[in-house]
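Student: Any chance you could fold what I've pasted below:
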Amino acid sequence: MATVAEVMNRDVLAVDPTATIGEAAEKMMDAGVGAVVVMEDMVRLVGIVTERDILRAVAQRARAAEARVRQWMTESVITIEPETTVGDAAKMMFERNFRHLPVTKDGRLLGIVSLRLLSQWEFEHGNV
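Tutor: Predicted structure coming up:
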């Protein structure tokens, strides 16, 4: 079975925790993605901001130009390894209600996988 390494997006969008929610949202919109990882000094993964986090911030009347990513990001980031099978990754995402999972190896960010990428792979390989 295919692994996450075969499916993941290696071009991961990242922001610093001091970036604004507006900056994160703009990056996501420009790239057409639903999540951006939060990297301290662009080296250490410290969080993830998703469309849901942005929606939560807006619903609570946060000012996009002032609210910092560190205030709204998900801090306890669950990651997967590149050797994880596509099926196991999909199962984990469905069970935990995740749409995006950073892919790491030995603490180093390698990529990100989304439900969309997994679904696209399954469709292209006749598994749907």
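
Student: Now name the helix or strand holding residue 27.
Tutor: In the assignment (DSSP states H and E), residue 27 maps to helix 21-31.

Student: Mind giving me the packing neighbours of that helix?
Tutor: In this structure, helix 21-31 packs against strand 14-15, strand 35-40, strand 44-50, helix 51-59, helix 69-72, with contacts taken as 3 or more Cβ pairs under 8 Å, 6 or more residues apart in numbering; DSSP states H and E. Using the backbone N, CA and C atoms, a C-beta is placed for each residue, glycine as well.

Student: On the C-terminal side of the last one, identify the next helix or strand.
Tutor: For helix 69-72, the following helix or strand on the C-terminal side (DSSP H and E) is helix 86-96.

Student: Just the C-alpha atoms of that following helix, please, in PDB.
Tutor: Extracted C-alpha coordinates of helix 86-96, given in PDB (Å, rounded to 0.1, in the frame of the first residue of the first chain):
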ATOM      1  CA  VAL A  86      -2.400   6.200   3.100                       C
ATOM      2  CA  GLY A  87      -5.100   4.100   4.700                       C
ATOM      3  CA  ASP A  88      -3.800   4.500   8.300                       C
ATOM      4  CA  ALA A  89      -3.400   8.300   7.700                       C
ATOM      5  CA  ALA A  90      -7.000   8.500   6.400                       C
ATOM      6  CA  LYS A  91      -8.300   6.500   9.400                       C
ATOM      7  CA  MET A  92      -6.400   8.700  11.900                       C
ATOM      8  CA  MET A  93      -7.800  11.800  10.200                       C
ATOM      9  CA  PHE A  94     -11.400  10.600  10.200                       C
ATOM     10  CA  GLU A  95     -11.200   9.300  13.800                       C
ATOM     11  CA  ARG A  96      -9.800  12.600  15.100                       C
END
